[in-house]
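Chemist: Build me a model:
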Amino acid sequence: MVDRNAPLWDGRVDGTEAAHLRWHQHIELGANGPLDGSVALLGFASDAGVARNKGRIGAAEGPLALRKALAPMAIHEQRKLVDLGDIVVVGDELEQGQARLAMAVEAALSGGSLPIILGGGHETAYGTGSGIYHFYDQDPEIKVGILNLDAHFDLRQEDRRSSGTPFLNLAENLQNSGRGFYYAVLGISEPNNTKVLFNAADSLGVKYLLDEDCDEQRAQKFVADFLESIDVLYLTIDLDVLPASVAPGVSAPAGLGVPMQIITQVCRQVAASGKLKVADIVELNPKYDVDSRTARSAARLIYTLATTGSTITN
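Modeler: Residues are numbered from 1 along each chain as shown. I've put the predicted structure just below:
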């Protein structure tokens with residue numbers, strides 16, 4: 001479990017010169033200055049969607065665990081890092097929390113930052129996705145693509161939003177507004193998605209690559225082809241895409257999973273493309289983590305996104 005009484009950003013100090021710095025020494029708390037060119041972290045502390053989806057409760061502790069894992073990371077580039085705090089979902093008040101997240105994402109994008117959202121269950125994606133779509137409301141010709149690294153489609157048909165419904169919810173919103181839905185999933189587990197979900201994906205034109213097909217070459221081509229088809233990208237990472245040996249602390253551990261090296265490669269590929277506009281990383285459940293293994297894996301992926309190539313573009 002995460003110690004809530006420990007300082008939010010703390011860790012080893014080797015020195016105060018630039019070459020010594022770690023994230024906990026470099027990050028700024030709150031939006032006290034311009035965000036332009038920064039990487040802006042924003043927590044979404046929510047268990048509501050996982051609870052509705054009958055998963056393992058504990059993802060609301062994810063944002064804090066992710067900060068703890070990020071704190072000792074070394075600074076090799078002087079990119080501005082900002083922590084915008086948490087949006088906390090109280091009890092079952094998911095829809096209100098998602099609306100607040102959408103507004104915060106839109107504001108961070110308007111400020112010129114790369115927002116990285118620290119979830120929370122995958123219900124986080126509805127708020128993140130709504131935020132980037134709102135940001136591009138005035139330019140409907142821009143193709144906003146969603147690349148989901150996940151063992152699951154999350155296209156469930158339910159009466160209420162949950163961690164299993166966000167991309168169907170977004171697709172329905174886009175259909176109502178006349179925008180196209182461009183969605184691809186890398187890491188799909190065939191045994192963990194029913195025929196109904198595969199049919200839903202096919203009917204929506206979703207591109208997907210099965211976990212067992214995710215070797216380096218095929219994963220790279222899958223991502224490259226999707227990037228070619230869209231203008232800007234929202235990347236969402238469900239940590240259950242990773243093998244359970246690497247990511248035991250998730251809401252629904254994977255039976256197979258995609259190797260960490262492949263997922264890291266994909267993160268580097270999308271960050272270097274210049275199309276990445278927003279990302280979230282979800283389903284970390286510290287209650288079930290082992291030696292902070294899942295949190296550390298997630299922090300490494302965030303580090304890759306924040307430090308690779310030209311992640312922030314106009």
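Chemist: residue ranges for the strands of the stretch 1-150 of the chain, please.
Modeler: 28-29, 39-45, 81-88, 114-119, 144-149 (DSSP state E, counting those that start in this stretch).
Chemist: Kindly report the same for the stretch 151-300 of the chain.
Modeler: Going by DSSP E, counting those that start in this stretch, the stretch 151-300 of the chain shows strands at 182-188, 207-210, 232-238, 276-282.
Chemist: Same list (these) but as TSV, adding mean pLDDT.
Modeler: Putting the strands of the stretch 151-300 of the chain into TSV (pLDDT from 0 to 100) gives the following:
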stretch	mean pLDDT
strand 182-188	98
strand 207-210	98
strand 232-238	98
strand 276-282	98
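Chemist: could you dump these to JSON lines with mean neighbour count?
Modeler: Bear in mind the C-beta positions are built from the backbone N, C-alpha and C, glycine included. Output for the strands of the stretch 151-300 of the chain, formatted as JSON lines (neighbours: other CB atoms under 10 Å):
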{"stretch": "strand 182-188", "mean neighbour count": "25"}
{"stretch": "strand 207-210", "mean neighbour count": "18"}
{"stretch": "strand 232-238", "mean neighbour count": "26"}
{"stretch": "strand 276-282", "mean neighbour count": "26"}
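Chemist: closest to residue 67 out of those?
Modeler: Residue 67 lies closest to strand 276-282 among the strands of the stretch 151-300 of the chain, at 12.0 Å (CB to CB).
Chemist: tell me what that closest one is packed against?
Modeler: Packed against strand 276-282, as judged by 3 or more CB pairs under 8 Å, 6 or more residues apart in numbering; DSSP states H and E, are the following elements: helix 94-110, strand 114-119, helix 124-135, strand 232-238, helix 293-307.
Chemist: how about 6 Å then?
Modeler: Here strand 276-282 touches strand 114-119, helix 124-135, strand 232-238, going by 3 or more CB pairs under 6 Å, 6 or more residues apart in numbering; DSSP states H and E.
Chemist: ok, and what's touching it?
Modeler: Contact with strand 276-282 is made by 115-117, 119-120, 122, 124, 128, 132, 232-238, 270, 298, 305, 311, as judged by CB atoms under 6 Å, 6 or more residues apart in numbering.
Chemist: change it to 7 Å
Modeler: Outside strand 276-282, the residues within contact range by CB atoms under 7 Å, 6 or more residues apart in numbering are 105, 109, 114-122, 124-125, 128, 132, 232-239, 270, 298, 301-302, 305, 311.
Chemist: Give me the buried subset of these.
Modeler: Applying 16 or more other CB atoms under 10 Å to the contacts of strand 276-282, the neighbour count classes 105, 109, 114-122, 124-125, 128, 132, 232-239, 270, 298, 301-302, 305, 311 as buried.
Chemist: who's in contact with stretch 82-91?
Modeler: Stretch 82-91 is contacted from outside by 27-31, 35, 38, 40-46, 48, 63, 97, 100-101, 104, 108, 113, using CB under 7 Å, 6+ apart.
Chemist: how does it look with 6 Å?
Modeler: 27-29, 31, 38, 40-46, 48, 63, 97, 100-101.
Chemist: Could you list the low-pLDDT ranges of this structure?
Modeler: In the predicted model, the chain carries pLDDT under 70 at residues 1-7, 309-314.
Chemist: Centroid-nearest residue for it?
Modeler: For the chain, the residue sitting closest to the mean C-alpha position, by CA atoms, centre = their mean, is residue 280 at 1.8 Å.
Chemist: and the contacts of stretch 82-91, which are buried?
Modeler: Counted by 16+ other CB under 10 Å, these give 27-28, 31, 38, 40-46, 48, 63, 97, 100-101 as buried.
Chemist: any idea how far residue 122 is from residue 110?
Modeler: Note on residue 122: its distance to residue 110, by CB to CB, to the nearest Å, is 25 Å.
Chemist: distance between the ends of stretch 70-90?
Modeler: Taking CA to CA, to the nearest Å, stretch 70-90 runs 25 Å from one end to the other.
Chemist: How about it, which residues are buried there?
Modeler: Going by 16+ other CB under 10 Å, stretch 70-90 has these buried residues: 70-73, 75, 80-84, 86-87, 89.
Chemist: And for stretch 281-297?
Modeler: 281-286, 289, 292-297.
Chemist: Can you tell me which of the residues you listed lies closest to residue 243?
Modeler: residue 297 (9.9 Å).
Chemist: Does the closest one touch residue 246 like I think?
Modeler: Yes - when contacts are counted by CB atoms under 6 Å, residue 297 is listed as touching residue 246 (5.3 Å).
Chemist: any chance of the strands of the stretch 1-150 of the chain in TSV, plus distance to residue 202?
Modeler: Converted to TSV, these look like this (distance: least, CB to CB, whole Å):
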stretch	distance to residue 202
strand 28-29	45
strand 39-45	30
strand 81-88	34
strand 114-119	27
strand 144-149	16
